[in-house]
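Visitor: Predicted model, plus sequence, below.
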Amino acid sequence: MDWLNVFGYSSAQLMLQVLRQCGDELTREKVMRHATDTRALQLPTMLPGIKLNTGPSDYLPAELAQLMGFDGERWVGFGDLVGRP
């Protein structure tokens, strides 16, 4: 499943960003503070317009998606992004 590769790579990119924000002080508290304070992070594996955001009570980083359909050879996106921006 190719999408699992992209999901794993994107998760690693997000974790790398959190660790960079922590600097040299890698405590659980600091990692959790930065992991729950992501604002408008655009990863290279994401569709244009989809940005990751988290908050202290909102752990779901991506709330936008695009519908796709199989054209007989490959998956093709159609329509606008759907979800909460």
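Guide: Here it is on my side, so go on.
Visitor: quick one, longest strand in the protein?
Guide: With secondary structure taken from DSSP state E, the chain has its longest strand at strand 75-83.
Visitor: Can I get the lengthiest helix in the chain in CSV? Just the C-alpha atoms.
Guide: Ordering each helix of the chain by length in residues (DSSP state H) puts helix 2-22 first. Output of helix 2-22 as CSV, limited to C-alpha atoms (Å, rounded to 0.1, in the frame of the first residue of the first chain):
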residue,chain,number,x,y,z
ASP,A,2,1.8,3.1,-1.3
TRP,A,3,-0.3,5.5,0.9
LEU,A,4,1.3,4.0,4.0
ASN,A,5,4.7,5.0,2.8
VAL,A,6,3.5,8.6,2.3
PHE,A,7,1.7,8.6,5.7
GLY,A,8,4.9,7.3,7.5
TYR,A,9,7.1,9.8,5.7
SER,A,10,4.8,12.7,6.6
SER,A,11,4.5,11.6,10.2
ALA,A,12,8.3,11.6,10.4
GLN,A,13,8.5,15.1,8.9
LEU,A,14,6.0,16.3,11.4
MET,A,15,8.0,14.8,14.3
LEU,A,16,11.2,16.3,12.9
GLN,A,17,9.5,19.7,13.0
VAL,A,18,8.4,19.2,16.6
LEU,A,19,11.9,18.2,17.6
ARG,A,20,13.5,21.1,15.9
GLN,A,21,11.2,23.5,17.8
CYS,A,22,12.2,21.9,21.0
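Visitor: which helices and strands sit right next to it?
Guide: Helices and strands in packing contact with helix 2-22 are listed as helix 28-35; criterion 3 or more C-beta pairs under 8 Å, 6 or more residues apart in numbering; DSSP states H and E. All C-beta spots, glycine's among them, are computed from the backbone N, C-alpha and C.
Visitor: ok so, going back, what's the angle from the longest strand of the chain to helix 2-22?
Guide: Here strand 75-83 points in a direction 50 degrees away from that of helix 2-22 (axes from the mean of the first three to the mean of the last three C-alpha atoms, to 10 degrees).
Visitor: Would you point out which residue is most central in this protein?
Guide: With the centre of the chain defined as its mean C-alpha position, the nearest residue by C-alpha atoms, centre = their mean is residue 52, 4.8 Å away.
Visitor: Sweet, I'm off.
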